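Asker: my questions concern the predicted model and sequence given below.
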Amino acid sequence: RLPRRSHKRVRGPRAAAVMKIVELIKEKSAQKEEWVSYEYFPPRSETGVANLEARFDRMREFASPLFVDMTWGAGGSTSKLTMDLTLKLKKRGLEPNMHLTCTNVAKEDVVAALRTCREAGVQNIVALRGDPPLGQEK
């Protein structure tokens, strides 16, 4: 089990890089600044993954997105790739907002994903029940 955490900011070397999206939006709104965000579904091929990763730096330089959503396939079908891409976004100075779909995903896998995110300073997660994979009812 993950221990309950307060909603206080992380202290130490990761503190400046960790901020909830709602706080980022409030800051932009208070300053009356426009902002953009991106949402990506993990590509289906290695070429697609390489293409997306190559765009991370250009995306940051061109539009400086407030955050980047990375979706999670039905039933955890893209879970490893979603996690890998989320961590790469964070390392490149982009604020990831990782989707975590819990339908047909083992509890241990959900806990492991949350633990990995916490250790990497990924604070923004959209946890969803989600839809079952195509052809399954539950």
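Answerer: Noted; the coordinates are in hand. What you see is a predicted model, and the numbers here were worked out from it, not measured in a lab. Numbers count the residues shown, from 1 in each chain.
Asker: my hunch is that Glu53 is in a helix, does that hold up?
Answerer: Yes: under DSSP: H, G, I helix; E, B strand; the rest coil, Glu53 falls within a helix.
Asker: now Val126, what's its secondary structure?
Answerer: Each residue gets one of three states, and Val126 gets strand by three-state DSSP.
Asker: surely it touches Thr101?
Answerer: No: assessed by C-beta atoms under 8 Å, Val126 is found out of contact with Thr101, at 9.1 Å. C-beta coordinates here come from the backbone N, C-alpha and C atoms, glycine included.
Asker: least trustworthy helix or strand in this protein by mean pLDDT?
Answerer: helix 46-63 (a mean of 91; mean pLDDT, DSSP states H and E).
Asker: mean confidence (pLDDT) on whichever helix or strand comes after that one, please.
Answerer: Remark: after helix 46-63, the chain's next helix or strand is strand 67-70, criterion DSSP states H and E. Here strand 67-70 scores 96 as its mean pLDDT.
Asker: who does strand 67-70 touch, helix- and strand-wise?
Answerer: The contact analysis (3 or more C-beta pairs under 8 Å, 6 or more residues apart in numbering; DSSP states H and E) places strand 67-70 against strand 37-40, helix 79-91, strand 96-101.
Asker: that one pairs with which strands, parallel or anti?
Answerer: strand 37-40 (parallel), strand 96-101 (parallel) (DSSP bridges).
Asker: could I get those strands as a markdown table with mean neighbour count and mean pLDDT?
Answerer: Supplementary listing: those in a markdown table, determined by neighbours: other C-beta atoms under 10 Å; pLDDT from 0 to 100:
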| stretch | mean neighbour count | mean pLDDT |
| --- | --- | --- |
| strand 37-40 | 15 | 94 |
| strand 96-101 | 23 | 94 |
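Asker: that's all I had, so thanks and see you.
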